[in-house]
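>>> Can you look at this prediction? I've put the sequence above it.
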Amino acid sequence: MNPVIKVIIPAYNEQDSIAHVIKDIPKIVDEVIVISNNSTDSTEINAQKAGATVLKETQKGYGYACLKGMDYIKQQTTKPDIVVFIDGDYSDYPEQLTEIIAPIIEENIDFVVGARVDEFRESGAMTPQQVFGNWLATFLMKLFFKARFTDLGPFRGIKYDKLLALNMEDKTYGWTVEMQLKVLKQKMSYREIPVKYRNRIGVSKVSGTVKGTIFAGVKILGWIFKYSFK
């Protein structure tokens with residue numbers, strides 16, 4: 001029996017990219033859920049036209065949007081076996097979803113994250129501060145938790161029951177690192193899959209601004225230090 005797969009896409013003003021993301025998602029996915037996080041452009045209309053379920057989250061923050069998607073899934077009668085998260089800016093290659101979920105289906109792995117490795121990353125796709133921030137965060141996770149993570153990539157898949165067990169809390173920039181830290185703390189099985197990564201369509205709301213970069217850095221380090229002393 002094929003697993004039920006749902007995709008959650010947080011999106012803020014991604015009108016030029018969102019339809020590309022949705023259309024490239026493999027047909028094995030049962031539902032694509034786009035959460036418009038206060039979008040003021042045509043993100044919602046374009047997502048609906050591309051066939052996605054569109055929700056609105058007025059509280060601004062990546063984590064708020066992801067939690068809204070999870071709440072929607074909780075209210076459904078048919079629960080998924082796997083939930084995949086991907087950004088709405090078309091920097092990831094949605095067709096690689098099959099590679100992300102393969103270890104979950106074939107090897108019973110709990111959590112898989114797409115690692116944006118150098119050899120598959122388009123020049124300029126990640127800013128120097130993103131590259132350094134990822135290195136620092138994963139180095140600290142290795143130091144404190146003996147983790148094997150090399151990236152905090154947004155393209156990730158997880159068994160639905162394991163996602164619920166993580167009891168996710170972060171409302172903004174710390175969502176990805178919180179998930180990985182809790183996977184480590186709860187001793188879930190995990191895997192990294194190298195993924196391709198290209199220059200996003202539009203301007204990044206995090207790494208594209210000084211404020212976003214600083215807040216993201218503080219949030220990520222805060223979660224790591226919080227969990228290292230628990």
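That came through fine.
>>> center of the chain - which residue?
Closest to where the C-alpha atoms of the chain average out (Cα atoms, centre = their mean) is P154, at 3.1 Å.
>>> Check whether that one really touches D87, as I assumed.
Yes: checked against Cβ atoms under 8 Å, the pair P154 and D87 is within contact range at 4.7 Å. C-beta here means a position set from N, CA and C on the backbone, and glycine is covered the same way.
>>> in this structure, which spans are strands?
Listed in chain order, the strands of the chain (DSSP state E) span 5-11, 31-36, 53-56, 82-85, 111-115, 156-159, 190-194.
>>> looking at the ones you listed, which is closest to T172?
strand 5-11 (11.0 Å; Cβ to Cβ).
>>> can you give me the angle that closest one makes with strand 31-36?
If you take axes from the mean of the first three to the mean of the last three Cα atoms, to 10 degrees, strand 5-11 sits at 20 degrees to strand 31-36.
>>> contacting residues around the residue nearest to the centre of the chain?
P154 sits next to 85-87, 92, 114, 176 when contact means Cβ atoms under 8 Å, 6 or more residues apart in numbering.
>>> would you list these in CSV and tack on neighbour count?
As requested, those are exported to CSV (neighbours: other Cβ atoms under 10 Å):
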residue, neighbour count
F85, 25
I86, 28
D87, 20
D92, 24
G114, 27
T176, 25
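>>> Widest-spaced pair of the residues you listed?
Pairwise distances across the contacts of P154 (Cβ to Cβ) peak at 12.9 Å, for the pair D92 and T176.
>>> Give me the common contacts of the two.
153-154.
>>> for G217, what are its contacts?
Counting by Cβ under 8 Å, 6+ apart, G217 touches 129, 133.
>>> Tell me the pLDDT of it.
Note on G217: pLDDT of 71.
>>> Quickly note the distance from it to Y173.
8 Å (Cβ to Cβ, to the nearest Å).
>>> I'd guessed R198 sits against D89; true?
No: using Cβ under 8 Å as the test, R198 is too far from D89 to be in contact (9.8 Å).
>>> For this structure, which segments are assigned as helices?
Ranges of helices in the chain, per DSSP state H, are 18-24, 43-49, 62-74, 97-107, 128-145, 160-166, 175-185, 210-228.
>>> Point out where this protein drops to low pLDDT.
For the chain, residues meeting the criterion pLDDT under 70 lie at 203-216, 228-230.
>>> what's near enough to touch the nearest residue to K6 once chain neighbours are set aside?
Take K6 and drop its neighbours on the chain: the residue closest to it by Cβ to Cβ, 6 or more residues apart in numbering is P80, 4.3 Å away. By Cβ under 8 Å, 6+ apart, the contact set of P80 is 3-6, 30, 73, 160.
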